[in-house]
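In: curious how this folds, go ahead:
(6 chains)
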Number of protein chains: 4
Amino acid sequence: MIEAKGRGGRPRSEQARQAVLYAVDDLLLEVGYAALTMKGIAERAGVGRQTVYRWWSTKAEILFEASMDDAEEELAVAPSRTPLAEITSYLDALVRFLTRSPAGAGYRALLAAAQHDPAVRELIATRDVLGASASAVLDRIDPDRPADDHAADRLIGPAFFWIMSGRDPARLDTHELARSFLGSGKS
Amino acid sequence: MIEAKGRGGRPRSEQARQAVLYAVDDLLLEVGYAALTMKGIAERAGVGRQTVYRWWSTKAEILFEASMDDAEEELAVAPSRTPLAEITSYLDALVRFLTRSPAGAGYRALLAAAQHDPAVRELIATRDVLGASASAVLDRIDPDRPADDHAADRLIGPAFFWIMSGRDPARLDTHELARSFLGSGKS
Amino acid sequence: MIEAKGRGGRPRSEQARQAVLYAVDDLLLEVGYAALTMKGIAERAGVGRQTVYRWWSTKAEILFEASMDDAEEELAVAPSRTPLAEITSYLDALVRFLTRSPAGAGYRALLAAAQHDPAVRELIATRDVLGASASAVLDRIDPDRPADDHAADRLIGPAFFWIMSGRDPARLDTHELARSFLGSGKS
Amino acid sequence: MIEAKGRGGRPRSEQARQAVLYAVDDLLLEVGYAALTMKGIAERAGVGRQTVYRWWSTKAEILFEASMDDAEEELAVAPSRTPLAEITSYLDALVRFLTRSPAGAGYRALLAAAQHDPAVRELIATRDVLGASASAVLDRIDPDRPADDHAADRLIGPAFFWIMSGRDPARLDTHELARSFLGSGKS
DNA sequence: ATATAACCGAGACGGTACGTCACGTCTTGCA
DNA sequence: TGCAAGACGTGACGTACCGTCTCGGTTATAT
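Out: Below is the predicted model:
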């Protein structure tokens, strides 16, 4: 049993939990991460402030719980006929996730917070959604690929850097990046 | 004349400006970006709060002015005998900058803030210190290299992603990354 | 029920309320009305600033709540054997109140603030402590006295004007004022 | 010569002085005494801040210089045929001054400030405009009236108290006050 | 059935940073 | 020397949110 139940008492309200997660999703889009406050979340969710603090310590934790499932789903791409097509389509999904998706906004906000908050750093380290999604694609292309060759980092990194630097996603040539990626590390 | 001075009035105090920049540098190391406050900066600098707000809108702007010159300097690497050595040494400098340098901490903080603050986004877009440092190295290796092939992004990206994800810099194999980088994009 | 309490929430702290009122009383004597600040009151009371603002809008309101009970008490004079003695003793109490009493200092400060603040004007209009105290004395002397003959104003006014003009209270001849008052408006 | 001229240098600008006085008059009506600031006065007058401070210490001083001449003029009433008419007409002028006139607003503001500022108290003590105006009327009615009988205070006081208490001037019966005044202090 | 206990909402509590305003002083260049 | 301009250090303003703490009430299980 994961749920270590207390001896008695009222059980946690699933309704309150959902309301908080939805509220965080909405507010992130409406006001941005910086203006996201525990107070605002509680009020938007129609929930007591203490109830929020009882189950989450920081807004980062709530955002993590609210976004990561969506993130995983959005980064899963359908198989393609060629490696080039597959890599390209993955990079497109990655860019779309980072720049258009609410879950991507949550991810970027968390990554940002992690740069100056060790607690958030540990939190996101528990679940490497980007790396896992890239590895899934790479494993499909080459099931015998070596571990620890930074392949996932080389696949994700260039696009990731482009986006995080704040440059226009439309000017990013994912096809070129895919070609370069496949042409590297060979002989 | 660049300095379009008003007709009258007391001139800006260079001493106050320096004091603020030093205060930001110090405080960033001592308390971190999240705990960096305009109030704290002013007090540490021995400067009025209004004086800080008069010249900078946000702590990000101050940090930008305080860090970017140092950043540029720290990312300039000495020429090496072989391309591989040069690339590797650049990547080492990059990792050192992002993980150990005060200026690098400032850079990461700014990049983080840019993820949810369009003003900061524009600010850092005005001066692409990472991209410029990579381009300098790449130009030295191949003066005739094509523009817009994302070479700088492919060079920086993997290490950048590794660091930003919060993973251990010691476990990053810059030599391997350098080899992969040089083996890609050929034809 | 007079106390229309909200449905939930922590109840107002009577301790905090008292601490604020005492702090205002103390500070008025120590630093004067002009140097009385909401910040100072909160700090002296050991209370959050928001807590002060939650229950009072201005320092005048706090002062009103803190002083008016005392004022009423200090302006009540014991009956005397003759009208002249009674009126004289009332005028002495009035002068003492306006010039020596902490509550009187509060009253003068409020009256002053009312001259350029309609809100304070309305506030003090809700409780005419001076007029009520004078009426009490006048009613005792002549229970059948007509209303609206400005008797209370004629009794209070001269001494009030003298004090408010900043002239030396010791040079005010209350006995003469009492005699004149009793000699007027008769036949 | 009253004006002790300095050894050399630019003479005081009469234009600047007038501009400041007009600015104070205007601003008092527009924003009220509390919101009247040295900064605001200087800006409205189109004058340097230092220039204001050079010639006046406080806003009260400026207001005093700007209002008291007007006050004296407005409180001078034309002779009437009977004492009752004269007294009544004086009281009407007094009420009008205190409640309608810009100079009266200035006077009330100064009197208010004097309640908690000894410097202002001394300032207004140098020129008793109300008392002087009342004495002028009383002297005309009875040139041989005794000094120090508080007659001026008894004349002014009731109306003054009524107005300062913030009660409706329209409900003040000046005729009744005049009758009472003339019926008092006889034998 | 009835305690007991943990949950729920609401909202006041002492703090602290926010960004603005005015204070009174100072430092310019010009008249 | 006076003057307009305007930056300086100081400190109060009123607001927002922090995380904690009562409140009255609500649901569950454990007697």
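In: can you tell me the element the residue sitting nearest the centre point of chain A falls in?
Out: Compute the mean C-alpha point of chain A, and by Cα atoms, centre = their mean the closest residue is residue A:107, 4.0 Å away. According to DSSP states H and E, residue A:107 maps onto helix A:102-114.
In: keeping just the C-alphas, turn the helix or strand immediately after that helix in the chain into PDB.
Out: Counting by DSSP H and E, the element after helix A:102-114 in chain order, helix or strand, is helix A:118-125. The C-alpha coordinates for helix A:118-125 follow below in PDB (Å, rounded to 0.1, in the frame of the first residue of the first chain):
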ATOM      1  CA  PRO A 118      18.100  23.400  -4.700                       C
ATOM      2  CA  ALA A 119      14.800  21.900  -3.600                       C
ATOM      3  CA  VAL A 120      13.300  22.400  -7.000                       C
ATOM      4  CA  ARG A 121      16.500  21.000  -8.500                       C
ATOM      5  CA  GLU A 122      16.100  17.800  -6.600                       C
ATOM      6  CA  LEU A 123      12.400  17.700  -7.500                       C
ATOM      7  CA  ILE A 124      12.900  17.800 -11.200                       C
ATOM      8  CA  ALA A 125      15.900  15.400 -11.000                       C
END
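In: mind listing what the residue in chain A that DNA strand E sits nearest to touches?
Out: Of all residues in chain A, residue A:9 sits closest to DNA strand E, at 2.1 Å by Cβ to the nearest atom of the strand. (Each C-beta comes from the backbone N, C-alpha and C, glycine too.) By Cβ atoms under 8 Å, 6 or more residues apart in numbering or on different chains, the contact set of residue A:9 is empty.
In: and the pLDDT at it?
Out: Confidence at residue A:9, expressed as pLDDT, is 83.
In: with the one 4 residues further on instead?
Out: Reported pLDDT at residue A:13 in the predicted model: 95.
In: next, whichever residue of chain A sits closest to chain D: secondary structure please.
Out: Of all residues in chain A, residue A:35 sits closest to chain D, at 31.7 Å by Cβ to the nearest Cβ. Three-state call for residue A:35 (DSSP: H, G, I helix; E, B strand; the rest coil): coil.
In: tell me how far it lies from residue A:59.
Out: Distance of residue A:35 to residue A:59, given as Cβ to Cβ, to the nearest Å: 10 Å.
In: mind checking which of these two has more residues around it?
Out: Per other Cβ atoms under 10 Å in any protein chain shown, whichever of residue A:35 and residue A:59 has more neighbours is residue A:59, with 22 against 12.
In: quick one, what contacts the residue lying closest to that one once chain neighbours are set aside?
Out: Among residues not flanking residue A:59 along the chain, residue A:36 sits closest, at 5.2 Å (Cβ to Cβ, 6 or more residues apart in numbering or on different chains). Counting by Cβ under 8 Å, 6+ apart, residue A:36 makes contact with A:24, A:27, A:28, A:59, A:63.
In: what's the answer for residue A:166, then?
Out: Here residue A:166 is in contact with B:114, B:121, B:122, B:124, B:125 (criterion: Cβ under 8 Å, 6+ apart).
In: close to chain B, is the one helix or strand in chain A whose mean pLDDT sits lowest?
Out: Between all helices and strands in chain A, the lowest mean by mean pLDDT, DSSP states H and E belongs to helix A:118-125, at a mean of 90. Yes - for helix A:118-125, a contact with chain B is found by Cβ under 8 Å from any Cβ of the partner chain, at A:121, A:122, A:124, A:125.
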